[in-house]
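[1] Pasting the sequence and the predicted model now:
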Amino acid sequence: MARKTIGVLFGGSAEEHPVSVKSAREVARALDGSRYEARFVGITEDGRWRLCEGPEGDWERGSRPAVLSPDRRVHGLLVLDDGKYEEVRLDAVLPVLHGRYGEDGAVQGLLELSGVPYAGCGVAASALCMDKSLAYLVARSAGIAVPEFRVVAAGEE
């Protein structure tokens, strides 16, 4: 059976960038190379997507610019190199991203637009869970016991 090509997204422009890189290192160690071919896409702290060899050390060195194509026929990445692009088909994506743009439904929406399957929660669940007060209200309305909470706005006493 042919190996599946798995895109591993890591890094990102959120404060949790270093945690995401560390998590991606663990994913790299855990992926069974006999079953999966990992294609690592590091996202820099300023939001640039880079196809790289993996999340070790200075992963940006030698990396190439990449974007997730919204064209479902591509079903993966467009990797830019010397004014041309190469299509890299992905069978699925592991979004190993933390915080804003990684867990808030944004990257999930991009993956759904591209037609590439991914692991984890969908757009709505991701967005809901990033808004803790809304998540509490939804859980409470479903009859799930939640602790008492209060939403405090910035500057409120």
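    Cool, got the structure.
[2] all contacts plus neighbour counts: C-alpha atoms, from now on.
    Noted.
[3] Which other helices and strands does the helix or strand bottoming out on mean pLDDT in the chain contact?
    In the chain, no helix or strand scores lower on mean pLDDT, DSSP states H and E than helix 123-130, which sits at a mean of 86. Identification of packing neighbours for helix 123-130 by 3 or more C-alpha pairs under 8 Å, 6 or more residues apart in numbering; DSSP states H and E yields helix 106-114, helix 132-141.
[4] and the first one, what does it pack onto?
    Here helix 106-114 is seen to pack against strand 64-68, helix 123-130 when contacts are counted using 3+ C-alpha pairs under 8 Å, 6+ apart.
[5] Just the CA coordinates for the top helix by length along the chain, please, in CSV.
    In terms of residue count, the longest helix belonging to the chain (DSSP state H) is helix 17-30. Only the C-alpha atoms of helix 17-30 are listed here, as CSV (Å, rounded to 0.1, in the frame of the first residue of the first chain):
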residue,chain,number,x,y,z
HIS,A,17,4.7,29.7,18.2
PRO,A,18,7.5,28.0,20.2
VAL,A,19,5.1,25.5,21.8
SER,A,20,3.8,24.6,18.3
VAL,A,21,7.3,24.0,17.0
LYS,A,22,8.0,21.7,20.0
SER,A,23,4.7,19.9,19.4
ALA,A,24,5.6,19.4,15.7
ARG,A,25,8.9,17.8,16.8
GLU,A,26,7.0,15.2,18.8
VAL,A,27,4.7,14.6,15.8
ALA,A,28,7.7,14.1,13.6
ARG,A,29,9.1,11.5,16.0
ALA,A,30,5.8,9.7,16.3
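[6] Cool, thanks, talk later.
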